[in-house]
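[1] take a look and give me a structure for this.
(one chain, ligands or ions: 1)
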Amino acid sequence: MGGSRSYSANPSDYKLLEEVGYGASATVYRAIFLPTNDIIAVKCLDLDRCNSNLDDIRREAQTMSLIDHPNVIWAYCSFVVDHNLWVVMPFMSEGSCLHLMKSAYPDGFEEPAIGSVLKETLKALDYLHRQGHIHRDVKAGNILLDNNGTVKLADFGVSACMFDAGDRQRSRNTFVGTPCWMAPEVLQPGSGYNSKADIWSFGITALELAHGHAPFSKYPPMKVLLMTIQNAPPGLDYDRDKKFSKSFKEMVAMCLVKDQTKRPTAEKLLKHSFFKHAKPPELSVKKLFAGLPPLWNRVKSLQLKDAAQLALKKMPSAEQEAISQSEYQRGVSAWNFDIEDLKAQASLVRDDDIHECKDDESMKSSFGHKAEAYCGSGLGTLNLSREVSQSEFGEPMTIDLLQSDCLNGKGKNPECDIVEAGLHEKGLRKNGSGIDIMASTSEKDVVMTGAKSVKPRQTQSGPLTPGAILNHSSSERVHNSERFENEISQVNERVCLVRKAPSFSGPLMLPTRASANSLSAPIKSSGGFRDSLDDKSKANLVQIKGRFSVTSENLDLVKDIPLSSVSRRSSQVDFASQKVC
Ligand SMILES: Nc1ncnc2c1ncn2[C@@H]1O[C@H](COP(=O)(O)OP(=O)(O)OP(=O)(O)O)[C@@H](O)[C@H]1O
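    From the prediction side, this is the model:
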């Protein structure tokens, strides 16, 4: 069994070292188990940010301890410390595929590495499905790598339980996830889903590893949701993805079939020629890390980059565009930008914008109370107010999917576009007839038509994009590794300067961590019909038009739902004594 080592449930036996990752509700640290000096990872789940009770967590932790597969991460033990659940697990020294791509491979990995990573992940899925589990959150951010090339699927168990048990499987019939990876049947109420939903997510993950981002990842959650349901499935493009083999393209296409019954099982997919020819990960995966700085330095640098980008995001779009353009012309890279640039950018941030980003919770709340949803029967338009539009850039969104014609076959409705208001606000994409999601049949179409103002920033001249390490060969990376440490401290100073800029007086907040582990904001969505909403949900319904509803309760979900009726303090001893080791 995975957790054969014995670790104590005493927090003072652990020394938390650097932060190596963060997700919707957790921060992960490299840590030492002091009695043996073992290096391990401790995932600290903030129970205040999870709407699950300790019984659910305990049950799920027990399930997690029964996992025994070399490609699935397991928990050595877990216990409650104050308002956190600590999950002790093996330290995967190269972090997630997502982090690795964000730091060093923004355009994705080469096919041999992708083949190895996917094959190991598929073995994990095959195992989980045989055990009767659905992972539900397969994505690059949950595929962890060790320095010897080992690949493990993470985030099965406790954190999945947090959301599933707290939301989907109980009265609210709601779930949390990242919509880019979600299968159409998961997003469509009433259709029901099974382990094939993981196969869809697996196909999306393949595209993510191939391109450096998931399809539709630049779009707000609601739009992704609509695109997933309405558009043809994404895939590897004949022209754009010439470098990839036919068998890779074919394998992805098999996963991304809308009809779940036509998708292969994990077991069957493993027999596909793409996987038969995959290289052992110690050959193809291991070399991805050559010359890279330690994980915690990479993570820190990404956090600083996020912070700086958030500061930029808060600028009026025209000014952003102007700065972007001038950066582009001057070829300013991440690490050679002028400090005056940052000061200038910071000075463009309006104070009221700072208030908006200051507090995630208040933002959700204002969304909740001001959102105005409208989708008339058959031909209505669902407009969300300004507060809703802000969610498109990284805020988790809560949506209830309700039974109506708005999204189903006959009701395919170009005007039922929830994001229109938001897009107009941000100037992301407009055309005369509204939002052009219906005509688009591939990611490429959509990106080409819609993301002009976003894409160049990301790929060419974002002020803190780690350009110096992007697109370089591994020998260059060795070089860059030395620079990396210095640059981190320089960036640190620069971000401090941003913080001190006169018109940017509020604290510089990272984007909500809910979005940090994916390249698109997570979505909270219910899988149920209107009737499945409990009374409280109905009572808090802001408006239902068509299939969508926005409820004030939903929007305050993370903030308002108590962990459980049991006091956490009092349950601490109880839970710790029943720790799963
Ligand atoms: N055992 C580990 N060793 C090293 N890094 C890890 C480990 N577990 C998690 N991480 C890092 O921490 C990040 C967040 O962890 P995790 O995905 O478990 O958090 P979460 O809150 O459940 O995230 P999500 O937003 O996906 O729900 C991962 O993407 C990965 O980069």
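
[2] which parts of the chain sit against the ligand?
    For the chain, the residues in contact with the ligand (Cβ under 6 Å from any ligand atom) are 20-26, 28, 41, 43, 73, 89-92, 95-96, 99, 137, 141-142, 144, 154-155, 159, 517. Any C-beta I mention is one placed from the backbone N, CA and C, and that applies to glycine too.

[3] in strands, which of the residues you listed fall?
    20-22, 26, 28, 41, 43, 89-90, 144 (DSSP state E).

[4] identify, from those residues, the entry nearest to T205.
    L144 (13.1 Å; Cβ to Cβ).

[5] list the contacts for the closest one?
    73, 92, 94-97, 151-154 (Cβ atoms under 8 Å, 6 or more residues apart in numbering).

[6] pLDDT wise, what is it at?
    We have a pLDDT of 97 for L144.

[7] kindly report the same for G422.
    In this prediction, G422 carries a pLDDT score of 33.

[8] any weak-confidence spans in this protein?
    The chain contains residues with pLDDT under 70 at 1-5, 50-64, 156-178, 314-581.

[9] residues contacting the residue of the stretch 251-400 of the chain at minimum distance from the ligand?
    Using Cβ to the nearest ligand atom, the point where the stretch 251-400 of the chain gets nearest to the ligand is L295, with a distance of 6.9 Å. L295 makes contact with 20, 30, 93-95, 99 under the criterion Cβ under 8 Å, 6+ apart.

[10] please repeat the previous calculation with a cut-off of 7 Å.
    For L295, the residues meeting the contact criterion (Cβ atoms under 7 Å, 6 or more residues apart in numbering) are 20, 93-95.

[11] burial count for K249?
    With neighbours defined by other Cβ atoms under 10 Å, the count for K249 comes to 18.

[12] surely it and L236 touch.
    Yes: using Cβ atoms under 7 Å, K249 and L236 qualify as a contacting pair, with a distance of 4.3 Å.

[13] what's the closest non-adjacent residue to S25?
    Spatial nearest neighbour of S25, excluding adjacent residues (Cβ to Cβ, 6 or more residues apart in numbering): R49 at 4.5 Å.

[14] residues near the one you found, how many?
    For R49, the number of neighbouring residues by other Cβ under 10 Å comes to 20.

[15] pull the number of nearby residues for K262.
    Residues contacting K262 under the criterion other Cβ under 10 Å number 9.

[16] so G235, which of the three states?
    coil (DSSP: H, G, I helix; E, B strand; the rest coil).

[17] A helix includes T205, no?
    Yes: the assignment for T205 is a helix, going by three-state DSSP.

[18] I figured it hits D137, correct?
    No: judged on Cβ under 7 Å, T205 makes no contact with D137 at a distance of 10.3 Å.

[19] kindly state the beta-bridge partners for the closest residue to P11 other than its chain neighbours.
    Nearest residue to P11 in three dimensions, chain neighbours excluded: V81, at 4.7 Å (Cβ to Cβ, 6+ apart). Bridge pairing for V81 (DSSP bridges) gives the partners N84.

[20] against P280, how distant is V81?
    Distance, V81 to P280, using Cβ to Cβ, to the nearest Å: 39 Å.

[21] mind saving the C-alpha coords of stretch 40-48 as CSV?
    What follows is the C-alpha trace of stretch 40-48 in CSV, where atoms were taken according to Å, rounded to 0.1, in the frame of the first residue of the first chain:
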residue,chain,number,x,y,z
ILE,A,40,7.8,15.1,2.0
ALA,A,41,5.0,17.4,0.8
VAL,A,42,2.4,18.8,3.1
LYS,A,43,-0.8,20.0,1.5
CYS,A,44,-2.6,22.4,3.8
LEU,A,45,-6.2,22.6,2.9
ASP,A,46,-8.0,25.6,4.3
LEU,A,47,-11.1,24.2,5.8
ASP,A,48,-12.7,27.6,5.8
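
[22] now do it: everything it contacts.
    Contacts to stretch 40-48, defined as Cβ under 7 Å, 6+ apart, come from residues 14, 16, 20, 25-31, 33, 76, 83-92, 158-159, 162, 563, 568.

[23] list buried residues within these.
    Buried by 16 or more other Cβ atoms under 10 Å: 14, 20, 25-31, 33, 76, 84-92, 158-159, 162, 563, 568, out of those.

[24] rewinding a little: and of the ones in strands among the residues of the chain next to the ligand, the nearest to the ligand?
    Using Cβ to the nearest ligand atom, G21 is the member of these that lies nearest the ligand, at 1.9 Å.

[25] and that closest one, how many neighbours?
    By the criterion of other Cβ under 10 Å, G21 has 25 neighbours.

[26] OK, contacts around it?
    28, 95-96, 99, 299.

[27] now these: which count as buried?
    A residue is treated as buried here by neighbour count (16+ other Cβ under 10 Å); on that basis the buried members of the contacts of G21 are 28, 95-96, 99, 299.

[28] in terms of helices and strands, where is K119?
    Element membership for K119, per DSSP states H and E: helix 111-130.

[29] related to what we said a few turns ago, and the furthest pair within the ones in strands among the residues of the chain next to the ligand?
    For those, and using Cβ to Cβ, no pair is farther apart than Y22 and P90, which are 18.2 Å apart.

[30] for stretch 127-140, list every residue counted as buried.
    For stretch 127-140, the buried set under the neighbour-count rule, 16+ other Cβ under 10 Å, comprises 127-129, 133-140.

[31] span of it from start to end?
    With Cα to Cα, to the nearest Å applied, stretch 127-140 spans 18 Å between its terminal residues.

[32] before we move on, the earlier item: of V81 and P280, who's got more company?
    Between V81 and P280, counting by other Cβ under 10 Å, V81 is the more crowded of the two (17 against 12).

[33] what about that one, distance to the ligand?
    17 Å (Cβ to the nearest ligand atom, to the nearest Å).

[34] then K249?
    For K249, the distance to the ligand equals 27 Å [Cβ to the nearest ligand atom].

[35] that residue: what secondary structure?
    Remark: K249 carries the secondary structure label helix [criterion: three-state DSSP].

[36] is the nearest residue to E120 once chain neighbours are set aside in a bridge, and if so with what?
    Leaving aside its sequence neighbours, E120 sits nearest to V151 (Cβ to Cβ, 6+ apart; 3.6 Å). Beta-bridge pairing of V151, defined through DSSP bridges, involves L145.

[37] V151: how many residues sit nearby?
    Using other Cβ under 10 Å, V151 is surrounded by 23 other residues.

[38] gap between it and the ligand?
    Here V151 is placed at a distance of 12 Å from the ligand (Cβ to the nearest ligand atom).

[39] so what's that residue up against?
    Taking Cβ under 7 Å, 6+ apart as the definition of contact, the neighbours of V151 are 71, 117, 120-121, 143, 145, 281, 285.

[40] and it, how far is that from G141?
    Using Cβ to Cβ, V151 is found at 14 Å from G141.

[41] and if you look at A41?
    Plainly put, A41 is 15 Å away from G141 if you go by Cβ to Cβ.

[42] how about the strands in the stretch 151-300 of the chain?
    Shown for the stretch 151-300 of the chain, the strands assigned by DSSP state E, counting those that start in this stretch span residues 151-153, 174-177.

[43] can you classify E18 by secondary structure?
    Under the three-state scheme (three-state DSSP), the conformation of E18 reads as strand.

[44] can I assume it is in contact with A31?
    No: taking Cβ under 7 Å as the definition, E18 is not a contact partner of A31, at 9.2 Å.
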